[in-house]
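next one to model:
(2 chains)
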Amino acid sequence: MPIQVKVFAEYRERFGFDQREVGHSEGIDPQTVWRLMGGGALPQNLLCSINWDYVSLDTVLNEGDELAFFPPVSGG
Amino acid sequence: MIEVSDRPIAPYSLLSNWHKTLSLGSSGAQCHFIGTMRDMNLGDAVSEMHMECYPEMATREFERLVAQAKRRFGVESALLVHRYGHLMPGDPIVVIAVATEHRGEAFDACRFLIEALKSSAPFWKREQTQASGSRWVASA
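Residues are numbered from 1 along each chain as shown, chains lettered A, B, ... in the order given. The predicted model follows:
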């Protein structure tokens, strides 16, 4: 099963889409997905989550995971 | 009660409904917080705002924060509602209420929830200003 990738805020605008699928491969992590999507160098303030939990960019992804990339939050 | 909504929120109606769910007598204090949109930011007039959200993760974060508030401050009941979508100055953005045994824990828990929410809940503000156009708001 592919990885479901979501991007928010300024990264959504940069990529020009809000979600897409990326094929899963053994050991793939968020920073690899970022580069596969053409994101280039990792932004210093880049945050990510897997299945709605914050994770580091080198966390190994499983098939069917929901991965999200976003900048620091500004709610409230 | 936890809710993330793209519809306008009515703080006093939410608080009234939440109050009816409390077990009267066990909690001696409540603290309520209402956050609203301002018409000014960084010296610029702000005419409107779009609040982007990752609703599923925001709900998960709110559940985690409320569970933490219960453990740390003995919160007996909590209300946490946050708006996203299109907002105008004066519109309510967030409503928080907690009920605890004593007043100190109520103030502390309410403060904890709003501060923790601002640093971890996945919302992003994009405001429209006359001077600088549309811009993303940095986390505060």
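
what secondary structure does the residue of chain A found nearest chain B sit in?
Using Cβ to the nearest Cβ, the closest approach of chain A to chain B is made by A:Gly75 at 2.8 Å. C-beta coordinates here come from the backbone N, C-alpha and C atoms, glycine included. Recorded secondary structure, A:Gly75: coil (DSSP: H, G, I helix; E, B strand; the rest coil).

and it, how far from B:Ala99?
Between A:Gly75 and B:Ala99 the computed distance is 23 Å (Cβ to Cβ, to the nearest Å).

B:Gln30 now?
B:Gln30 sits 5 Å away from B:Ala99, going by Cβ to Cβ.

which SSE is residue 35 in?
No chain was given, so I picked chain A. For A:Arg35, the enclosing helix or strand under DSSP states H and E is helix A:30-36.

that was the other one, I meant chain B.
strand B:29-36.

so how far is that strand from its chain's centroid?
9 Å (Cα atoms, centre = their mean, to the nearest Å).

so which strand or helix has B:Glu61?
Using DSSP H and E, B:Glu61 falls in helix B:55-73.

helices or strands up against that helix?
strand B:2-5, strand B:77-83, strand B:92-100, helix B:103-120 (3 or more Cβ pairs under 8 Å, 6 or more residues apart in numbering or on different chains; DSSP states H and E).

buried residues, the longest one. List them.
By neighbour count on 16 or more other Cβ atoms under 10 Å in any protein chain shown, the buried set for helix B:103-120 is B:105-110, B:112-114, B:116-118, B:120.

roughly how far is it from the heart of the chain?
Chain-centre distance of helix B:103-120: 10 Å, with Cα atoms, centre = their mean.

quick one, the next helix or strand after it and helix B:55-73 angle?
Next helix or strand after helix B:103-120 toward the C-terminus (DSSP H and E): strand B:123-129. For strand B:123-129 against helix B:55-73, the angle by axes from the mean of the first three to the mean of the last three Cα atoms, to 10 degrees is 110 degrees.
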